[in-house]
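Asks: 3D, please:
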Amino acid sequence: MRADGRHERQGGAQIAPGRQCALGGPLDHRAVRQGIGKRYANLEEVGLPPATFDAVVDGNDVVRKKPAPDIFLEAARRLGLPPETCLVIEDAVSGVAAARAAGSRCLALTTSFSAQELAGADWIAPDLGHVPDEVLAW
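Replies: Got it, this is the predicted structure:
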């Protein structure tokens, strides 16, 4: 935690105190083959402890996959929040579509697709180190 009360997150993005954070992602089939706990394989890969998040949702938790909104609706439900108060961070076209279908705001990262392909998002950034100020203030 920084002196101003914000929490540093990977890539330099900060979450203000009192904000909840959920992670929704696909099931990592590499983890299944390697015998790693499926739910946390991606987190372990990037060095984030599961306790960083108030909820973790993966492909095992929903029937319909992206672009259906189910994964984001489930994350919002677990957080006890209306989906329209949630910010989804996505790097895929189907994820942006799922976020919008859930009624959530969306920050798209151009790490996998171009800004033109992710144009359905509310905001677009090259990575978490360059999140627009208006996203952090939202």
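
Asks: wait, W138 touches R105, no?
Replies: Yes. Using Cβ atoms under 8 Å, W138 makes contact with R105 at a distance of 6.7 Å. (C-beta placed from N, C-alpha, C; glycine too.)

Asks: quick one: which of those two has more around it?
Replies: Using other Cβ atoms under 10 Å as the criterion, W138 and R105 rank with R105 on top: 18 against 12.

Asks: list the residues that contact that one.
Replies: Contact partners of R105, counting by Cβ atoms under 8 Å, 6 or more residues apart in numbering, are 84, 86-88, 99, 122-123, 138.

Asks: quick one: which two of the residues you listed are the most distant?
Replies: For the contacts of R105, the farthest-apart pair by Cβ to Cβ is E84 and W123; their separation is 15.8 Å.

Asks: who's more crowded, those two?
Replies: Taking other Cβ under 10 Å, E84 and W123 do not tie; W123 has more neighbours (17 against 10).

Asks: correct me, but that one touches V135?
Replies: Yes. With contact defined as Cβ under 8 Å, W123 reaches V135; the gap is 5.0 Å.

Asks: tell me, what's touching the two both at once?
Replies: Going by Cβ under 8 Å, 6+ apart, residues that sit against W123 and also against V135 are L107.

Asks: mind listing the strands for this protein?
Replies: All strands of the chain, identified by DSSP state E, fall at 7-8, 14-15, 22-25, 55-58, 87-90, 105-109, 123-125.

Asks: can you give me the helices for this structure?
Replies: Applying DSSP state H to the chain gives helices spanning 29-34, 41-46, 70-79, 93-102, 133-137.

Asks: circling back: now do the shared contacts for W138 and R105.
Replies: L87.

Asks: looking at the chain, which helix or strand is least sure?
Replies: In the chain, no helix or strand scores lower on mean pLDDT, DSSP states H and E than helix 29-34, which sits at a mean of 38.

Asks: find the nearest non-adjacent residue to the residue sitting nearest the centre point of the chain, please.
Replies: Nearest residue to the geometric centre of the chain (Cα atoms, centre = their mean): I89, 4.3 Å. Excluding the flanking residues, the one nearest I89 by Cβ to Cβ, 6 or more residues apart in numbering is L107, at 4.9 Å.
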